[in-house]
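Trainee: Structure of the sequence below:
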Amino acid sequence: MTLQIALFFALWVGMAVGRPLVSKVDYRIYHKIDDLMEEVKAVVRDHPGSMNIEEKTRSQGDYSAPLTVLSSKQAGLSTPDDDKMRVLMSFGEHGRELITTEVGLSFIKAMSDKSEIRKVFGPGDRSDELVDLMDRISFKIFPNENSNGRNLVEGGKLCERRNGRGVDPNRNWDVDFGVKEPDYDPKEENPGAFAFSEPEVQMLHEVAKDFEPHVWVNVHSGMEAIFMPYDHQGFMPNGTDADKQFEMIKTLKNDMCESCAIGSGGKTVGYLAHGTATDYMYTRLHVPLAFTWEIYGDMNALHEDCFKMFNPTTKEEFDDVVDQWTKTLFRLLELLPSHPALQQFAQSNANVSTVAETNADQQQESAIAHTTQQASPIRVIGPPISQELHPVPKDGYWLYGTAAILTTIIITFALLRRRKNRTSQQRWRDQ
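Mentor: Numbers count the residues shown, from 1 in each chain. Take a look at the predicted model:
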């Protein structure tokens, strides 16, 4: 009977140890995405002269995807883009990287007006120069690029990085599309049936082509790094512009993130990535400054503990990451005029006009526009939304369970044998 109890206990302990402890989202710290987007829209409504939002939707068969595009110009929405540095930013391309959308929200709030901009680095000449610089920049921002993927994460699939039908938006671009490395895992980086097959990527691509940005910043998490092209090759581009971009990255590292890895994504991150947005922006749309940022990563987290791997889990760490990377985005903006492709914007334009915020109620109503677009049907790629999408644990956590069971059984037998020996010895002494 004692042996049976011991074996049952061993089995229970083994199963408990074998099952990984997975962190959950603490919504006292993080926003749910609907709440986060409401805060973004509230900022826009409060600044109708300098900000607006366009809500796009695209459907393909039974699959539909939304995309929110925020436009911002401190000089006024009616001022032209021709005399401004054009900056395109994306947050939340992978659903499980919640911290990226929090940094995006923080940045949108901080850039909303001159009084908020002055708070970034505190009072002084630097803040005055930053305010002046912001008048020479036009922004388009995707606060949550992969809405359907984020919904899956909030529904409990904490390891999901793909969109609502199982395609990785950051593998769906037409640069080296579909190339698969030896360690390719479709549960992580399914590129889709063909380049630009996904509505999210189609809409972002159209915005980028129309906007013609000078700068692209794609914000991710999983480690701490500031990357430039290329992702699909293990080296950086050559030439004066690329060399200057790398100098800017080194400055960002020294000033803002000493622990950050820097260089090309393909050389530094440890694997090649094909069909990425950053490589497309650089090679096909000829964006002079294309970046991929990795703003957080817990390298000690278990493979199964995706939330902890990609997102800070304490309020203190959360606040530190959001503050650090919000400031790093502004530091990047300060460096932009030093790049050869943007030196024409180095001096302030004295004729920049300011749009008075008159008829505020009418502008607030028009600040958030809605467009719905239909595309030709396409077959669904990847598993249906109802299917479990967690990646298969690479380490096989049942191995830990088996080891725990065997260890517990061995200890139990040793204890029983020791007890038997003591009983025998006691009986011998009694005789």
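Trainee: count of neighbours near the residue nearest to residue 222 when sequence neighbours are not counted?
Mentor: Once flanking residues are discounted, residue 222 sits nearest to residue 297: 4.8 Å by CB to CB, 6 or more residues apart in numbering. Where C-beta positions appear, they are placed from N, C-alpha and C, glycine not excepted. Under the neighbour criterion other CB atoms under 10 Å, residue 297 is assigned a count of 20.
Trainee: and the gap between residue 297 and residue 309?
Mentor: The spacing between residue 297 and residue 309, counted by CB to CB, to the nearest Å, is 7 Å.
Trainee: Quick check: neighbours shared by the two?
Mentor: Residues touching both residue 297 and residue 309 by CB atoms under 8 Å, 6 or more residues apart in numbering: residue 222.
Trainee: one step back: my read: the residue nearest to residue 222 touches residue 260, true?
Mentor: No - with contact defined as CB atoms under 8 Å, residue 297 does not count as touching residue 260 (10.6 Å).
Trainee: Spit out the residues that contact those two alike.
Mentor: Joint contacts of residue 297 and residue 260 (CB under 8 Å, 6+ apart) are residue 224.
Trainee: Measure how buried the spatially closest residue to residue 30 that is not a sequence neighbour is and give me the count.
Mentor: Counting by CB to CB, 6+ apart, residue 98 is the residue found nearest to residue 30 once chain neighbours are left out, at 5.5 Å. Applying other CB under 10 Å, we find 27 other residues in the vicinity of residue 98.
Trainee: Now do the same for residue 98: its pLDDT.
Mentor: Confidence at residue 98, expressed as pLDDT, is 98.
Trainee: Residue 380 now?
Mentor: 30.
Trainee: Ok, residue 12 next?
Mentor: 46.
Trainee: Return the residues in contact with residue 158.
Mentor: By CB under 8 Å, 6+ apart, residue 158 lies in contact with 22, 24, 25, 96, 306, 307, 390.
Trainee: Show the buried residues in these.
Mentor: Buried residues within the contacts of residue 158, counting neighbours by 16 or more other CB atoms under 10 Å: 25, 96, 306, 307.
Trainee: does residue 324 really touch residue 255, like I thought?
Mentor: No - Residue 324 lies out of contact with residue 255 (CB under 8 Å); the separation is 10.9 Å.
Trainee: Which of the buried ones among the contacts of residue 158 sits closest to residue 240?
Mentor: The nearest member of these to residue 240, counting by CB to CB, is residue 96 at 37.8 Å.
Trainee: Any stretches of the protein with poor pLDDT?
Mentor: 1-20, 348-431 (pLDDT under 70).
Trainee: can you pull out the strands in it?
Mentor: Listed in chain order, the strands of the chain (DSSP state E) span 51-60, 63-73, 85-91, 137-142, 215-220, 223-228, 261-264, 289-296, 368-374.
Trainee: Could you single out the most deeply buried of these?
Mentor: Ranked by mean neighbour count, the strands of the chain are led by strand 289-296 with a mean of 26 (mean count of other CB atoms under 10 Å).
Trainee: Run the angle between that one and strand 215-220 for me.
Mentor: 20 degrees (axes from the mean of the first three to the mean of the last three CA atoms, to 10 degrees).
Trainee: Now do strand 289-296 against strand 223-228, angle only.
Mentor: 180 degrees.
Trainee: in its sheet, what does strand 289-296 sit against?
Mentor: Using DSSP bridges, the strands paired with strand 289-296 are strand 215-220 (parallel), strand 223-228 (antiparallel).
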